[in-house]
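Novice: kindly return the folded structure for what I paste below:
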Amino acid sequence: MAFSTLSQILETTQDEWERLYAAEGLVKIDPGNSKAIATLCQIRESSQNRVIGLQAFESLVNAVQHLEQLDLDNKLVKEKLKQAVLVLVQDIQIFQEYDDYKKEFSVQPTHQLSYESSLLDIADSLTKMLQSEHLPQVVITLKDYLSEKFYKNSSYRYEAVLNIIWHCAENLTYPDFHKAMN
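Specialist: Reported below is the predicted structural model:
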């Protein structure tokens, strides 16, 4: 009952707060719910309200951390994990630093995580949940974000991507890693 109600709210309401709370509720009931994870990413990226954007990002970090605790031998869990990996890799790709967020945090130190450190937390959680079958595709998808251009645009994204690719390098054979990087 709660699952269908929260899913319906995600699909029908335009109110950001309601969508945020529905997505948070769904990831508590179903940690790998791809609609809820995608909604959190979308709210984080497009919200004009900095507080909503930050809360969506923190909820996304929590959702990923819950995925790490699931039974990875279950086929449904593996599929949800794969979907979550794709959504999180995409979110890292489109990450942008916002000066407004920096101002918000300097004024309101009560927030637990800054927007930038949340990105690093997501990268850390992502590396913990990556399975061997995900590694080559993650390297292929993110390798271009290690250029100087991206370092200058967002050193936090650069560091997050570097951490993820380093993890992949440590867990792939040299030939597989080399192939993915070229």
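Novice: please make it C-alpha for all contacts and neighbour counts, starting now.
Specialist: Will do.
Novice: which residues touch residue 156?
Specialist: 116-117, 119-120 (C-alpha atoms under 8 Å, 6 or more residues apart in numbering).
Novice: again, but for residue 177
Specialist: Residue 177 touches 136, 139, 168-169, counting by C-alpha under 8 Å, 6+ apart.
Novice: can you put those residues in TSV and add neighbour count and pLDDT?
Specialist: Formatted as TSV, the contacts of residue 177 follow (neighbours: other C-alpha atoms under 10 Å; pLDDT from 0 to 100):
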residue	neighbour count	pLDDT
136	20	95
139	24	95
168	22	96
169	19	96
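Novice: where exactly do the strands run in this structure?
Specialist: Using DSSP state E, the chain contains no strands.
Novice: what about the closest residue to residue 83 other than its chain neighbours, neighbour count?
Specialist: Closest residue in space to residue 83, ignoring its immediate chain neighbours: residue 34 at 6.2 Å, by C-alpha to C-alpha, 6 or more residues apart in numbering. Residues contacting residue 34 under the criterion other C-alpha atoms under 10 Å number 22.
Novice: related to what we said a few turns ago, between the contacts of residue 177, which is nearest residue 12?
Specialist: residue 139 (36.1 Å; C-alpha to C-alpha).
Novice: contact partners for the closest one?
Specialist: 165, 168, 177, 180-181.
Novice: just those: which are in helices?
Specialist: If you go by DSSP state H, those have 165, 168, 177, 180-181 in helices.
Novice: adding distance to residue 39, write those residues out as CSV.
Specialist: Output for those, formatted as CSV (distance: C-alpha to C-alpha, whole Å):
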residue, distance to residue 39
165, 26
168, 27
177, 32
180, 30
181, 31
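Novice: ok, now how distant is residue 153 from residue 120?
Specialist: 16 Å (C-alpha to C-alpha, to the nearest Å).
Novice: likewise residue 151?
Specialist: 14 Å.
Novice: same question for residue 129.
Specialist: 14 Å.
Novice: make sure residue 7 is actually in contact with residue 25.
Specialist: No. Judged on C-alpha atoms under 8 Å, residue 7 makes no contact with residue 25 at a distance of 9.6 Å.
Novice: for the longest helix that the chain contains, buried residues please.
Specialist: Ordering each helix of the chain by length in residues (DSSP H) puts helix 75-94 first. Using 16 or more other C-alpha atoms under 10 Å as the test for burial, helix 75-94 gives 77-78, 80-89, 91-93.
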